[in-house]
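K.L.:
The following block contains a protein sequence and its predicted model.
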Amino acid sequence: MNDMTQSAFANPRVIGQRTPRVDGEYKLTGKAGYTGELHAENMLYGYPVPATIAHGELESLDLDEALAMPGVVEIFHHRNFPKLHRSPNSMGHGDQVSEVRLPFEDERIYYHGQYIALVVAETFEQARAAAYRVGARYRHAEGAVPSLLDSDAEGTLIDSAGSSRGDPESAFSGAEVQVDATYHIAAESHLQMEMHATLAEWRENGARLVVHESTQGVFYQRNAMARIFDLAQENLEVISHYIGSGFGNKLFMWPHAVATAGAARELGRPVKVVLPRQQDMTGGGNRPASRQRIRLGADREGRLSSVIHDSMTETSLVDQYIDACGSATPSFYACDNLSTSQRILPVNHGTPCPMRAPGEVSGIFALETAMDELAVELGMDPVELRLKNYAEQDPASGLPWSSKHLDECMKRAAKRFGWDQRDPGIGAMRDGDEIIGYGMATCTWFAGRQPCEARVELRADGTLFVACGTQDIGTGTYTIVAQTVAELTGVPLAQIEVKLGETSLPAGPLSGGSMATATTLPAVAAAARDALAALKEVATGSGGAFEGGEADSLSVADGAFNDGQRTVSFADVLETSRLASVNGQGSAAPGDEQNQYSFRSFGAHFVEVRYDPGISRVRVARVVSTMDIGRAINPPTARNQVEGGIVMGIGMGLFEKLDYDPRDARLVNGNVADYIVPVHADAPEIDVEMLDYPDFKFNEFGARGVGEIGLTGIAPAISNALYHATGKRHRDLPITIEALLAGQ
Amino acid sequence: MRTFAYSRADSVERAAHATTPTAAFVAGGTTLLDLVKLDVMQPSELVDINALPLKQVEWLDDGRLKVGALVTNTDLAHHPAVKQHYPLLSEALLAGASTQLRNMATTAGNVMQRTRCPYFRDPSAACNKRHPGSGCDARDGLNRMHAVLGGSEACIAVHPSDMCVAMAALGATLTLEGPDGEREVPFGEFHRLPGDTPHIEHDLADGELITAITLDAPLAPAGSHYLKLRDRASYEFALASCAAQVALDGDSIGTARLALGGVATKPWRCAEAEAALAGQPATLESFERAAEIALADAEPREHNAFKIPLARQAIVRALREAARLAGTTQEEQA
C-alpha cells in the first residue's frame, strides 16, 4: 500500500507545528562545538600552502626559512607525504569524494589554490606565518583554460546526462513561433558560513582514526578515508555534530581532510586544519559556469511543440563533474518533442561540486527566461503561457505526479503579488526616478529518498534518546527528529536527546538533495515504534506494570501507557521491571511507490524590481512565492529555507561571480569583500506561502524536502522583471551594472 | 610566527620620534590588521596611538571645524556639528564599510587606508605599489574595480575611501606632527598620484603622524549629496561615487563643489567642472555638461569603461539632489 492517507501523521500534534530549534540554546550560548573550535590534547595546527599558478608544475620548494621558524614541526609536500591509495569514488558504494586526486600526489599543478604543501606547527599563527615563507618555483604551462565563458571549445558530450522524446528538431524547425537563445551563468562560490575544517586524531598506536569534519555526509567520508588509509571501516570514525552550512560543498570529502589525517598519522599527534576563506573558494568547491542554448517551438496559441535544451558546464582537469542543467527540463512542460544534452569542459579550477539545486537551478534560469521570451513573442501573459503547457503528469516518465499543485501556486502567488495590476508595456510602470518591472517564473526540485536506519532508546529517567548517522547542516534536522519521536511517544521535547553526525550511529543519509527529511524521519518513526513495542512487551510481561495485559490494548500518550484504566509513565514501566532502558531499531527505504508516481516539489515566484536608469541601479523590491513542498515538518525552519533560497537567488541573479583572470586562470576575487553576495539591505520584502498538501504517497509524513527549491526560479523571475522594466533581455548571470548600462 | 614589536604611545611627540621606517601606527587597525594577516604588510613595529588625546571635534574661531585624528568614523558621522553643517561628510561616512568597521575606524586611518586592488592584496601577483618595480597585474588583468582617472603605467589602483571624497569636496587641511615639528597640508595635496612611484601614496614623511583634519568653514546656504553607486546596496566599495555641494544664487548655481570616488587613484576633486557650473542655471543640462568635463580625461582599461558613464550618472544625480536641497534651504532662509 503506497497511498498512506491513513498515515499515523494525518492529524499530528507536534509534526507541522512551529517548534523552536532544540539545539538553539547550544548555538546561542556557544556550547555547540563546530569543528574549527574543537581542541584535542597535544594538537597541532596545519595550514595548507596553495599553488599560486593554475597550470604547470612545481619545480622546487624552498622550505629552509619556513622550517626554521618557531613552532614549525613539519612541512609535508609531494616528496615526503605518505603514499596513499585513492578512493574508488563510487556513489553506489558510498565512497564518493569531491576530488579524487590525493593531495601532494605529484608536482603537477591543475588549478590555483591546489595544495603544494602543508605546514604543521604548534599554533595556528605559527603555521600560517611559516606557510607564507614556503618558497615555490614553478614551470608554467601554456594553455590554461580560465573559464568556459572565455572558451570556444566544444567540450565532451555526456550521453548519460541527456534525454530525448519525439522529434524535437523537426518540430522546432516547423514551429510557428520560435525562441532560440543562449544563456551564460558565471561560476559561483558556495560561501557557506563555516569554512571546511578537519581535526584528525589517530588512536591505539595508529590502528584507529577519529576525524571531526564539517561534512554533509559522515558515512561517505568514513568509507572514502577507509579506502585511502587502508583501514577497516570499523576502525575509522567520522564525527560532525554542528555544521555551519555547506550548500553542497561538504557532501563529499576534499583533499584537505586527507592531508590532515596523513599529517596526523606521520606525526603521531592530532592535527587540525581550518581552511582560510581564500582556499575554501579555490579548492573547496564551486558551482561551475554554464553555457546553455534553449530552443522552444510553439504554435500561435502558445502550445509548446518542441523544447531543445543543450548545456555545457565546467569540470576540472582532475575530475569529471557533471552539473546536469537539463535534468528538470523533461518534466517541466507538456511537450511531445524534447531533447536535452550535456557537455562538460575541463578548466583550470578546483573541481566543481553540487551547489544548492545543482544543475537544475541553472537549467531553470535558462528555460524560464526562454518561456518569458516566448510569452513576449506571443504577446501572452507569462502565467497563462505556463498554464497552457501545464504538465498534468510527468512527461519524462509518463507517471502520474504524487501531488502537484503548481497551478494553485501560480494563481495564489499572483493574487497576493497583485499581478493583475501589471501593465505589460515595457517600462510602463513608474515611480519617480524608478521604473517598476514585474516578472515571474516557476520552479521545481525533485523529491528523493534514500535508505536510512535509526535507533530510539526509552530510558528509566523519563528521557528518550534518538540517534541517526545523518547530519544537521543548520537546517533544523535535530528539531524535526525530536518532533517525530515526540509525536509518536508523547515524551516532551525537553526530555528528548537527539544524536546525529557520527558514523558510530545507525547509518543515515547525506544531508543533501533536499532528501534528509524524507529519508530520516520514516526510519526514526520505525525505531520509535520498535522501542514502544519493546516497552509494551516489558509492561505486559512477567512482573511488568501491566502484567498479563495485551500489548495491543495499551495506548500511548504523554510518555505513558494507558490500558483504559491506569496510566503508567514509560519511566515507571521500566522501573517496575528493573530496567534502565529499552531499545528500538528502525529502518526505512523508498519502495514500490517509486515505480508508480513521479515525485517533485513545485513553486512560483513573483518578483518586483525597481530600476533607476539615471544611475543604472536595479534592486529587487519584493518577492512573493507560493511553494508546494508537501508538508512542512517545522514550518518556520522550512520557510526559512525558502527565504534563504530567495536571497541566494538574488545573489545569483545580480551579484555572484567567481572572477578568474583570463590570462592565467587565477581566482582574483577569492574573498567575501570582492565576491559579492546580498547583504541585509539587498533582502527585499519576502512573502512566502507554503501550501499544505501532505504527500502521503511519498512517505507517511507527507514531506518532500525544502532545502533547495526556493533558489530555483528566482534568477529568471528577476531577469524577466528587468525585461519588463527595460525591454532589454538579460541572458547572462549575474546581471551587472555594465550590462544594464550597455542597454541604454 | 612572524613577530613584531608593539608599543603604546603616550604622547604625540614621542610617537612621532619613536618610529622607524618599517614601523606602522595602529589606531582602529581595520586596514592594517587585514593586510598583515594577508602578508601584504609586514611592519616590524606597531605603535598603538589609541591613547593619544586626539579625539576632539571642535569649532575654531575662524569658523572651521577641527577633527581629531582618532575620532571614529561612527562618532564623526553622528556628531551634531557634522550632521548640521557638513551633512555631506556624514552621508559619505555612513556609506562606507559597516557599522562594526566604522566603530573601529578613525578619521586619520580612513585617510590612510590602502587600496582594494586584488592584485595589491595578493602577494603572489605583480604590484608596483606593494613591490616597486614588479609590474602591474591590474593593467591588463581584471580591472573592473580600477581607476579611470589619475592612473599611470605603473598603477591604476583606486583610493577606496568615501570619507575622503567628501573631504575633497568640502576642502580641508591636515595637521601633521613629526620629528621636525608640526606642519599643515591642504587635503587635495596630501594623497599623491601614482606616477612612477605608486608605493608612495601620500605626503607623510617617516615618523610623521596625522593629528587632526580641519574642515573648511561650511559653505552656506548650500545643499549637498553623497551618492555611492555599487553592485549591492551596502557594504561594498564604490564603483563610482560623487560628493556634490551646491550653493544657489537665485535660480543659478553660485558655488559648486564636486569630488569623485571609486574611479580615481586619489580622492578626486573636479575643479574644472566646478568652475563650469558657477553662474549656470541649476538644470540637468548644466549638470550633464559638468559631468562631461569631469570625465573628459578618463582613460578606461578593458573592464572598467562602464565607470565613465556611471560616474557621469553619479555626478548628474548628486548635483540634482544637492541643488534641490539648496533650493529648499534657500527658501527656508528667505
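P.N.:
Perfect, thanks for sending it. None of these values were measured; they are calculated from a predicted model.

K.L.:
who in chain B is up against chain A?
P.N.:
Applying CB under 8 Å from any CB of the partner chain, one finds that chain B approaches chain A through B:1-2, B:39, B:116, B:118-119, B:121-125, B:137, B:140-142, B:144-145, B:227, B:229, B:231-237, B:239, B:306, B:309-310, B:313-314, B:316-317. In short, each C-beta sits where N, CA and C put it, glycine included.

K.L.:
buried subset of those residues?
P.N.:
With burial judged by 16 or more other CB atoms under 10 Å in any protein chain shown, the buried subset of the residues of chain B next to chain A is B:1-2, B:39, B:116, B:118-119, B:121-122, B:125, B:137, B:141-142, B:144-145, B:227, B:229, B:231-232, B:235-237, B:239, B:306, B:309-310, B:313-314, B:316-317.

K.L.:
Restricted to helices, list these.
P.N.:
Per DSSP state H, helices hold the following members of those: B:309, B:310, B:313, B:314, B:316, B:317.

K.L.:
Skipping its backbone neighbours, what lies nearest residue A:426 in space?
P.N.:
Computed as CB to CB, 6 or more residues apart in numbering or on different chains, the closest residue to residue A:426 that is not its neighbour in sequence is residue A:727, at 4.0 Å.

K.L.:
helices and strands of chain B: which one bottoms out on pLDDT?
P.N.:
When the helices and strands of chain B are scored by mean pLDDT, DSSP states H and E, helix B:12-18 comes last with a mean of 79.

K.L.:
what's that one packed up against?
P.N.:
strand B:172-178, strand B:209-215 (3 or more CB pairs under 8 Å, 6 or more residues apart in numbering or on different chains; DSSP states H and E).

K.L.:
roughly how far out does the very next helix or strand once past it sit from the chain middle?
P.N.:
The first helix or strand that comes after helix B:12-18 along the chain, using DSSP states H and E, is strand B:23-26. Centroid separation for strand B:23-26 versus its chain: 20 Å, with CA atoms, centre = their mean, to the nearest Å.

K.L.:
One more: stretch B:17-24?
P.N.:
Using CA atoms, centre = their mean, the offset of stretch B:17-24 from its chain centre is 24 Å.

K.L.:
ditto for stretch A:615-630
P.N.:
Per CA atoms, centre = their mean, the centroid offset for stretch A:615-630 relative to its chain is 21 Å.

K.L.:
excluding its backbone neighbours, what's nearest the residue nearest the centre of chain B?
P.N.:
For chain B, the residue nearest the mean C-alpha position is residue B:164 (2.1 Å; CA atoms, centre = their mean). Closest residue in space to residue B:164, ignoring its immediate chain neighbours: residue B:267 at 3.9 Å, by CB to CB, 6+ apart.

K.L.:
What is the burial count for that neighbour?
P.N.:
25 (other CB atoms under 10 Å in any protein chain shown).

K.L.:
now do the one 5 residues further on
P.N.:
Residue B:272 has 14 neighbours, counted by other CB under 10 Å.

K.L.:
any idea where the helices of chain B begin and end?
P.N.:
Under DSSP H, chain B gives helices at B:12-18, B:32-37, B:73-78, B:80-85, B:87-95, B:99-104, B:107-111, B:163-170, B:187-190, B:271-277, B:284-294, B:307-333.

K.L.:
Out of these, which gets nearest to residue A:472?
P.N.:
Distance to residue A:472, taken as CB to CB, is lowest for helix B:99-104 among the helices of chain B, at 28.6 Å.

K.L.:
got the residues of chain A near chain B?
P.N.:
Counting by CB under 8 Å from any CB, chain A comes close to chain B at A:52, A:69-71, A:123, A:125-126, A:129, A:132, A:614-617, A:619, A:654-655, A:659, A:661-663, A:666, A:668-669, A:671, A:673-674, A:676-682, A:736-738, A:741-742, A:744.

K.L.:
Could you pull up phi and psi at the closest residue to chain B within the stretch 351-500 of chain A?
P.N.:
Nearest residue of the stretch 351-500 of chain A to chain B, counting by CB to the nearest CB: residue A:433, 8.2 Å away. Per-residue torsions, residue A:433: phi -80, psi -10 (degrees, to the nearest 10).

K.L.:
Restricting to C-alpha, output stretch A:460-477 in PDB.
P.N.:
Extracted in PDB, the C-alpha atoms of stretch A:460-477 (Å, rounded to 0.1, in the frame of the first residue of the first chain):
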ATOM      1  CA  ALA A 460      14.100   4.900  33.100                       C
ATOM      2  CA  ASP A 461      14.800   8.500  33.900                       C
ATOM      3  CA  GLY A 462      12.000   9.500  31.600                       C
ATOM      4  CA  THR A 463      14.200  10.700  28.800                       C
ATOM      5  CA  LEU A 464      14.300   9.500  25.200                       C
ATOM      6  CA  PHE A 465      17.400   9.100  23.200                       C
ATOM      7  CA  VAL A 466      17.300   9.000  19.400                       C
ATOM      8  CA  ALA A 467      20.200   8.500  17.100                       C
ATOM      9  CA  CYS A 468      20.800   8.600  13.400                       C
ATOM     10  CA  GLY A 469      24.000   9.000  11.400                       C
ATOM     11  CA  THR A 470      22.700  11.800   9.300                       C
ATOM     12  CA  GLN A 471      23.700  15.400   9.900                       C
ATOM     13  CA  ASP A 472      22.100  18.800  10.800                       C
ATOM     14  CA  ILE A 473      23.800  21.200   8.500                       C
ATOM     15  CA  GLY A 474      22.000  24.100  10.100                       C
ATOM     16  CA  THR A 475      18.600  23.400   8.500                       C
ATOM     17  CA  GLY A 476      16.900  22.000  11.700                       C
ATOM     18  CA  THR A 477      17.300  18.300  11.400                       C
END
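
K.L.:
Return the set of buried residues in it.
P.N.:
A:460, A:462-477.

K.L.:
Okay, now the unreliable bits of the stretch 51-200 of chain B?
P.N.:
The model of the stretch 51-200 of chain B has no residue with pLDDT under 70.
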